[in-house]
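> Can you look at this prediction? I've put the sequence above it.
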Amino acid sequence: MIQIEGVSKAFGGLRAVDSVHFTVATGGITGLIGPNGAGKTTLFSILAGFLHPDEGRVILDGEDVTGLPPHKLFHRGLVRTFQIPKEFSRMTVRDNLMIVPPGQSGEVLANAWFRWGAVRREDTRVRAKVDEVLEFLNLTHVADELAGNLSGGQKKLLELGRTMMIDAKVVLLDEPGAGVNRTLLNNIRDAIRRLNQDRGYTFCLIEHDMDLIAQLCDPVVVMAQGQVLTQGSMDEIRANTEVQDAYLGGGVSGRGVSAMTDDDIGKGGNGATDGADETDEEWRP
Ligand SMILES: Nc1ncnc2c1ncn2[C@@H]1O[C@H](COP(=O)(O)OP(=O)(O)OP(=O)(O)O)[C@@H](O)[C@H]1O
């Protein structure tokens, strides 16, 4: 569980994150949504140790981890997907997974010379794990492909695969659905769901695709202008006129959240439109 207690971060005069409180419950998938510039990414950077908050605390499983650097949080099982270096495009998918587990014996030259038995056993263990991860994510057919040749969606699956190599406990996913076609988006959604249900992963994900949020997340936390506006189930969020106003600048709250389009969402607070009869199935899981 991550408890976010009164976390704030300013850039100059701008309070990008302003006294934020909420909890990412163990074993759940928490969605974090909000218009562009709401402070979501800044909050993620604080949670993952990339930014130090000006105020507030981050508690991970009862321990204050505020300000711990990313690698220490990584070793405690808290991972932001891009925290694991972006895929090495000139290496195969398999090798990209092989290099994730930290502190492998073979990395120390002396071990390679004097403890080769242990190194080989570990290598065998990691290879078996890689095979299992590739199968779990339906990536076995591209195992020997250069990672740079993967599609955007396959690269997102590879990112998830890397979190599996260290058995992450809490994974912060920044827009897993961005720029991914529908078919692969379904694979990514199913992988997140199975990692959550079968392996007990806790997720917190930022996403602009409301369809994906509705299918995966409960609760959904809405941020606007650095603050938590509200949180609840997707149905509650849909019914909340404050949320509509935050996204749409108040221009169309009368038409109901169920009619909001992804386009509106992408526009953030400047996205008011006058199309009162617009509908979008994205909002109807
Ligand atoms: N390093 C920085 N220096 C100055 N201002 C920043 C910095 N990082 C973010 N900001 C500002 O802080 C505010 C929050 O930005 P942030 O990226 O956290 O929002 P967001 O909710 O993730 O938006 P988006 O959905 O567009 O990614 C924005 O006004 C942004 O311009």
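Structure received. All values reported here derive from a predicted model rather than from experimental measurement. Numbers count the residues shown, from 1 in each chain.

> Could you tell me which residues of this protein lie near the ligand?
11, 14, 16, 34, 36-42 (CB under 6 Å from any ligand atom). Yep, even glycine has a C-beta here, placed from its N, CA and C like the rest.

> Those: which two are farthest apart?
For those, the maximum inter-member distance is 16.9 Å, found between 11 and 34 (CB to CB).

> Looking only at neighbour counts, state which of the two leads.
residue 34 (26 against 10; other CB atoms under 10 Å).

> wouldn't that one be in contact with residue 43 here?
No: if you go by CB atoms under 8 Å, residue 34 and residue 43 don't touch, sitting 9.8 Å apart.

> Between the two, which contacts overlap?
Listed as contacting both residue 34 and residue 43 by CB atoms under 8 Å, 6 or more residues apart in numbering are residue 223.

> What residues of stretch 234-245 count as buried?
234, 237-238, 240, 243-245 (16 or more other CB atoms under 10 Å).

> from the residues of the chain next to the ligand, which would you call buried?
Burial by neighbour count, 16+ other CB under 10 Å: within those this picks out 16, 34, 37-42.

> Dihedrals phi and psi, the residue most central in space within the chain?
With the centre of the chain defined as its mean C-alpha position, the nearest residue by CA atoms, centre = their mean is residue 173, 0.7 Å away. Per-residue torsions, residue 173: phi -110, psi 120 (degrees, to the nearest 10).

> okay, it: pLDDT?
With respect to pLDDT, residue 173 scores 92.

> Residues in a beta bridge with it, which ones?
residue 205 (DSSP bridges).

> For this structure, give me the ranges with low pLDDT.
82-87, 101-122, 248-285 (pLDDT under 70).

> ok, so of the buried ones among the residues of the chain next to the ligand, who is nearest residue 69?
Nearest to residue 69 among these: residue 42, at 17.2 Å, using CB to CB.

> That closest one sits in which helix or strand?
helix 40-47 (DSSP states H and E).

> From the rest of the structure, what touches that helix?
Contacts of helix 40-47 (CB under 8 Å, 6+ apart): 2, 4, 7, 9, 16-17, 20, 32-34, 51-53, 58, 78, 80, 172, 174, 204, 206, 223.
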